[in-house]
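Asker: Sequence plus the predicted model coming up.
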Amino acid sequence: MKRRNFLVAGGAAFVAGCNRIAETDVGQSMLGAAEGWHKRAHRLLSDREALAPEYPRSAVSPYFRGNGSTDPQTGDYPRHAGEGFANWRLAVGGLVDTPLSLSLDNIRRLPQRTQVTRHDCVEGWSAIGEWSGPQLSLLLDAAGLREEARFIVFRCADNLNGQDYYESVDRLDAYHPQTIVAHRLNGEPLPIRNGAPLRMRIERQLGYKHAKYLTAIEAVASLDDIGKGQGGYWEDRAGYQWYAGI
Ligand SMILES: Nc1nc2c(c(=O)[nH]1)N[C@H]1C(S)=C(S)[C@@H](COP(=O)(O)O)O[C@H]1N2
Ligand SMILES: [Mo]
């Protein structure tokens with residue numbers, strides 16, 4: 001990834017400069033502090049890249065409850081549901097070279113990842129489910145994500161309390177191997193309750209980041225002009241953390 005190359009290259013130049021500074025006492029203590037900083041930065045980065053725990057299929061919860069919207073009645077959603085989602089499209093756009101409009105068939109034909117993970121909701125419940133779908137990175141690479149794109153926004157079909165649900169992540173989470181566009185739960189097409197026909201899985205973060213009823217993926221340079229500017233429905237509405245790491 002570009003970001004990692006940048007950090008490694010920056011680190012090498014930094015260390016070369018420090019070898020000269022280290023010859024003085026002041027330089028020694030500066031170097032000590034900088035080394036500590038460097039280690040912490042490295043640890044933070046590798047924490048972000050670590051995988052969320054995965055469980056055996058036998059650990060799957062008998063019932064994966066729904067939360068927030070569980071049966072959207074706004075816009076085109078009821079019509080799509082009535083058609084069995086045969087005409088659903090997922091747009092991939094914004095700061096990309098080639099905007100895409102994907103059918104569910106397109107998505108099912110991509111290489112798939114299946115993962116059994118635990119979902120944690122801030123409201124105090126958890127459930128384990130088996131999710132399948134292509135990695136988001138495949139879609140972003142197919143569309144040609146541009147350098148200036150810093151965030152990926154997920155648009156949803158449901159409208160809750162007068163606001164369209166949406167969410168967003170940075171490039172690191174967008175390219176995380178467990179970040180998938182899921183279309184199956186426990187070996188079946190997603191139930192409406194859990195986000196049919198497509199929902200995000202952002203496994204290193206809390207439940208509200210996992211956008212359901214996904215209609216579009218949009219690459220942007222800033223979140224300021226999206227929704228009320230805080231990066232997500234709950235972030236805008238109730239001040240939830242934008243980065244909800246677990
Ligand atoms: N579009 C949309 N996505 C959403 C929500 C929602 O209301 N609408 N609720 C969020 C919250 S708070 C949680 S905990 C999970 C719940 O996923 P589930 O319904 O599959 O349990 O979806 C998240 N994604
Ligand atoms: Mo949640």
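Answerer: Alright, I've got the coordinates. Ligands and ions are numbered 1, 2, ... in the order given.
Asker: per-residue confidence at the residue in the chain positioned nearest to ligand 1?
Answerer: Per Cβ to the nearest ligand atom, Gly68 is where the chain lies closest to ligand 1, at 2.2 Å. (C-beta placed from N, C-alpha, C; glycine too.) At Gly68, the predicted lDDT confidence score is 98.
Asker: quick one: contacts for it?
Answerer: Contacts for Gly68 were tallied using Cβ atoms under 8 Å, 6 or more residues apart in numbering; they are 158, 160, 165, 208, 212.
Asker: so which of these is the most crowded?
Answerer: Lys212 (26 neighbours; other Cβ atoms under 10 Å).
Asker: what residues are up against it?
Answerer: If you count contacts by Cβ under 8 Å, 6+ apart, then Lys212 has 68-69, 156, 158, 165, 194-195, 199-200 around it.
Asker: ok, back up a step: which SS class is the residue of the chain closest to ligand 1?
Answerer: Secondary structure, DSSP: H, G, I helix; E, B strand; the rest coil: Gly68 is coil.
Asker: what's the spacing between it and ligand 2?
Answerer: From Gly68 over to ligand 2 the distance is 7 Å, taken as Cβ to the ion, to the nearest Å.
Asker: Repeat that for Leu104.
Answerer: In this view, Leu104 and ligand 2 are 25 Å apart by Cβ to the ion.
Asker: How about the residue nearest the centre of the chain: what's its closest non-neighbour residue?
Answerer: Note on the chain: the residue nearest the mean C-alpha position is Ile202, at 4.3 Å, using Cα atoms, centre = their mean. Counting by Cβ to Cβ, 6 or more residues apart in numbering, Ile202 lies nearest to Lys209, which is 4.4 Å off, once chain neighbours are set aside.
Asker: cool, and Pro197?
Answerer: Residue nearest to Pro197 in three dimensions, not counting chain neighbours: Phe85, with 4.0 Å by Cβ to Cβ, 6+ apart.
Asker: doesn't Ala196 make contact with the one you found?
Answerer: Yes - between Phe85 and Ala196 there is a contact at 6.4 Å, judged by Cβ atoms under 8 Å.
Asker: So for those two, which residue has more residues nearby?
Answerer: Ala196 (24 against 18).
Asker: Up against ligand 2, what does the protein have?
Answerer: Residues of the chain found near ligand 2 (Cβ under 5 Å from the ion) are 121, 207-208.
Asker: hmm, try it at 6 Å
Answerer: The chain comes close to ligand 2 at residues 67, 121-123, 207-208, as judged by Cβ under 6 Å from the ion.
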